[in-house]
Structures are given as C-alpha cells and as structure tokens.
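[1] sequence and predicted structure are below.
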Amino acid sequence: MLKTYTTFLLLEDRKIYQGWSFSNALMSIGELVFNTGMTGYQEVITDPSYFGQIVLFTYPEIGNTGVNNDDIESLKPYIKGIIAKNICLNPSNWRSQVSLVHYLIDQNIPHIFGIDTRSLTKYLRDKGVMNGCISSHKLSFSSLIKRFQQFTSMQNLNLVNKVTTTTSYIWSPRLLPRFNFKDNFQNQYNRLNVVVIDFGVKFNILNRLSYYGCDVKIVPAITNYDIIMLDKPDGVLLSNGPGDPSLIHNSLNTIRNLINSNIPIFGICLGHQLLSLALGATTSKLKFGHRGLNHPSGLYNQVRITSQNHGFVVSSNTLPQSLVDVTHFNLNDSTIAGMVHNFRPCFSVQYHPEASPGPHDSDYLFAHFIRIMRAFKYNY
C-alpha cells in the first residue's frame, strides 16, 4: 500500500500550501507555472521546454491513463516538480505500462497533491508566475527562505545549454503516423534533408518531419553556420526550448547567416523567438505565460486552436515591418503567434504544430515547410 507524506508548497512571496506526496525527503525549487490542458501530463513532464519549472496542472485529476514509453517527448523528465489536486492511483488505458504515481516515485520527481489548484492558479494569474518550493523536509521557515535566496531567477539563465544534445545524431522515427494528408510527402525519390538545431527539441517534432519524408539530423544549439552547411540541408528547423531567448547569444549569428543563404527555415516556439531576435526584434516575459492545449490563434477571421508553452514573447512593436509580416496573433491577449519573412523562405510560430496530445489544426505547417523546401530545391 502506498504511503503518503505531509508536504508543503512555499511561494517566494511566503504564501504556503499544505498537501501530500508519495515520496519522503522531497526538496525542489523552480519557477511555478500552470498548464490548462485536460490531458498530456506525460508529454509535459518530459518536455525539455519545462526545464527548471514546477508545473501546476489545473485539471482536477491527472494520471487516469497512466504512463507509457511511446508518448514521451525526451529520454528523461526535465521538470522540477508537479502540483495536482488529485493523482489517480489506478489508471485505465490499454496503452498504460505504469501508473503515474509509480513513475513519479521511480523518476524521483518532486510532487504535491491535495491542494486547491484552482485557488493557486487564480493567485498566479493575479500575482504572476513566481518561484516555488516543494518540500517534505521538516525545515524551518527561515531555512526555506534562505534556499529561495540562493535560487537563481529563470530570467538570468541560459537554460538551452542544459537540454541541448552534446553530439549530432540522425533521427529514427519512433511512432507510426496517426493522421496524415493526401499529398504524397513520403515519396522515396524526393526525400529532403533537414537539420534541426536542438534548443530542447520534442520527439514528436522529429517524428512529424520524418513522416513528411525528411531525413532528419539533430545538431547541438552551439553548432555554427559552416558546420550546418556541410550537411547541405534543404531546410533548417529551429526547435522549441526553455528559458529566456535573449540570453542565447551564440546562435543568433548562425541564424542570420542561414537567413542570408536563402535556406528555408521553420521556427517553433523558442525557435520563433530566436528567428525574431536575429531579425532585430526584442522579447519580453509574460505575466503568467501561455501553457495549454486550447489557445486560439489566427488573423483575418481565421482561427486555429493551438497548443502553447512559453513564458516569453516577441515584442510586437519591435519586429521590422519592412522585412516580416505577422501571420497569427494569440487571440486571448493579441501577442504575436506567427510571422513570415517577406523576402526569404523563413517563417515561424509561437506554438506547437506537432502537439501530441493536442489539436491538429496546425499540422499543416509541416506540409507547408515541405512545399517550400521542394520549391527551393528543384526550382532555384
């Protein structure tokens, strides 16, 4: 029988919540953010974009479908902890291989449940994201405050260095396609060579590229332009990733050189922000971020439901209007959600078209990327 332990959640403004966990001697400090998705907890836990963060799940119970080896987005969990109202003890799904509870214990993931997550979410919406500490240690209040003071703010760290691959590798598709388009993207005689710059890439981005007929090579975030060009890419994808984009200085010159070389570029989430920075824009931090599966994005009365996970955005008044056009806005707060270069084959979005689980409204962007690469490979 599983044993529970009294556990506390302390916010940096000294607000305290009491709950329980299934592990003793837990201690973790991270940026506290909330995710509004009704499903997808396994993908969130293994998404490198959540590196250094404690994730609050707003849905009242998680763990109902267990955990399996097929739906992970990376080889290990990257989050600093999870917060939930309830965690299901007995999952029911034919694909489940282990319960979420046992996964949390086996992976030593700090967690707390049994608190009023609705109240905490509303508090974060009002106050903004802040650092939090999950602890089952019997520490004094003053000791916990000292731990906070030692913790470096998320805005002062280049987190990409913590999650990017250290060596280049070729991707081997892990999953069978679950949905497709009529176009024959997988013609073996027209395969495309795509280089993915890994800022914290999710497996399903690589799977979607593979499905659409691409040979995919993943390279470290610090890879320079000359090394990338040795692979003669038909296109380059700038991946998602964690942290403040303005701190990733060493990649901007590489991206500028790629833009000037007329190579098709597709940026996703952090990749979108870095492409914008390379073009002269700036970024800023949101009060509480966009994290969920149902964010409406669009332009000119066209709306697509998108999966989003970011705490930073491109400042709208800094994009060079002579070079780029905005293609999507987040319709909740009118922040920029997509753009396209007017003279180069470059485009990007501030959301996840590969979302799994999540809406498939934006999967067409991979098809669009393929068409651009084909056009430049065979017609220029």
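    That came through, no problem.

[2] going forward, measure contacts between C-alpha atoms and count neighbours the same way
    OK.

[3] and the protein, what are its domains?
    5-151, 160-379 (automatic domain parsing).

[4] next, format those as JSON lines and append mean pLDDT and mean neighbour count.
    Formatted as JSON lines, the domains of the chain follow (pLDDT from 0 to 100; neighbours: other Cα atoms under 10 Å):
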{"stretch": "domain 5-151", "mean pLDDT": "92", "mean neighbour count": "19"}
{"stretch": "domain 160-379", "mean pLDDT": "92", "mean neighbour count": "19"}
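
[5] what's the closest residue to residue 151 other than its chain neighbours in contact with, if anything?
    Nearest non-adjacent residue to residue 151, counting by Cα to Cα, 6 or more residues apart in numbering: residue 29, 7.4 Å away. Counting by Cα atoms under 8 Å, 6 or more residues apart in numbering, residue 29 makes contact with 54, 80, 131-134, 148, 151.

[6] confirm residue 29 sits in a strand?
    Yes - assessed with DSSP: H, G, I helix; E, B strand; the rest coil, residue 29 lies in a strand.

[7] among the contacts of residue 29, which ones are in strands?
    Among those, the subset assigned to strands under DSSP state E consists of 54, 131-134.

[8] distance of the residue nearest to residue 151 from residue 147?
    8 Å (Cα to Cα, to the nearest Å).

[9] run the chain-centre distance for the longest helix belonging to the chain.
    The helix spanning the most residues in the chain, taking DSSP state H as the definition, is helix 364-379. Taking Cα atoms, centre = their mean, to the nearest Å, one finds helix 364-379 lying 24 Å from the centre of the chain it belongs to.

[10] show me what that helix is packed against.
    For helix 364-379, there is no helix or strand it packs on, judged by 3 or more Cα pairs under 8 Å, 6 or more residues apart in numbering; DSSP states H and E.

[11] my guess is residue 215 contacts residue 194. True?
    Yes - contact criterion Cα atoms under 8 Å: residue 215 and residue 194 qualify, at 6.1 Å.

[12] which non-adjacent residue is nearest residue 285?
    Residue 285 sits nearest to residue 312 (Cα to Cα, 6+ apart), 4.3 Å away.

[13] ok, now which ones touch residue 159?
    By Cα under 8 Å, 6+ apart, the neighbours of residue 159 are 51, 242-244.

[14] who touches stretch 251-262?
    221-225, 265, 274-275, 277-279, 344-346.

[15] from those residues, which land in strands?
    Using DSSP E, these in strands are 265, 346.

[16] now render the contacts of stretch 251-262 as a markdown table, adding distance to residue 207.
    Compiled in a markdown table, the contacts of stretch 251-262 are given as follows (distance: Cα to Cα, whole Å):
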| residue | distance to residue 207 |
| --- | --- |
| 221 | 19 |
| 222 | 23 |
| 223 | 22 |
| 224 | 24 |
| 225 | 24 |
| 265 | 18 |
| 274 | 23 |
| 275 | 22 |
| 277 | 27 |
| 278 | 27 |
| 279 | 29 |
| 344 | 26 |
| 345 | 22 |
| 346 | 21 |
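
[17] need the residue closest to the centroid of the chain.
    residue 49 (3.8 Å; Cα atoms, centre = their mean).

[18] you'd agree that one is in a strand?
    No - assigned with three-state DSSP, residue 49 falls outside any strand and is helix.

[19] hang on, it packs against residue 164?
    No - the pair residue 49 and residue 164 fails to qualify as a contact (Cα under 8 Å) at a distance of 10.7 Å.

[20] hey, what's in contact with both of these two?
    residue 200.

[21] which of the contacts of residue 159 lies closest to residue 296?
    Nearest to residue 296 among the contacts of residue 159, counting by Cα to Cα, is residue 242 at 22.1 Å.

[22] how about the helices in this structure?
    Going by DSSP H, the chain shows helices at 41-45, 100-106, 117-127, 141-150, 160-163, 203-211, 225-229, 252-260, 270-278, 364-379.

[23] export these to TSV and tack on distance to residue 357?
    TSV is the format used below for those (distance: least, Cα to Cα, whole Å):
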stretch	distance to residue 357
helix 41-45	8
helix 100-106	17
helix 117-127	22
helix 141-150	34
helix 160-163	22
helix 203-211	10
helix 225-229	31
helix 252-260	30
helix 270-278	20
helix 364-379	16
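
[24] wait, which of these is closest to residue 74?
    helix 203-211 (6.1 Å).

[25] for the closest one, name the packing helices and strands.
    strand 214-220.

[26] doesn't residue 352 make contact with residue 307?
    Yes - using Cα under 8 Å, residue 307 is in contact with residue 352, at 5.4 Å.

[27] just to revisit the earlier point, in the contacts of residue 159, find the pair that's most separated.
    Farthest apart among the contacts of residue 159 - using Cα to Cα - are 51 and 244, which lie 11.7 Å from each other.

[28] what's the span of stretch 324-338, first residue to last?
    10 Å.

[29] actually, stretch 309-329.
    15 Å.

[30] other residues contacting it?
    By Cα under 8 Å, 6+ apart, stretch 309-329 touches 49, 242-245, 269-270, 273, 276, 279-292, 297-299, 335-343, 349-352.

[31] what is residue 81 paired to in the beta sheet?
    Here residue 81 sits in beta bridges with residue 54, going by DSSP bridges.

[32] I'd like the distance between it and residue 292.
    Distance from residue 81 to residue 292, by Cα to Cα: 17 Å.

[33] what about residue 121, distance to residue 127?
    Taking Cα to Cα, one finds residue 121 at 10 Å from residue 127.

[34] same check, this time on residue 280
    31 Å.

[35] next: residue 65.
    In terms of Cα to Cα, residue 65 sits 33 Å off from residue 127.
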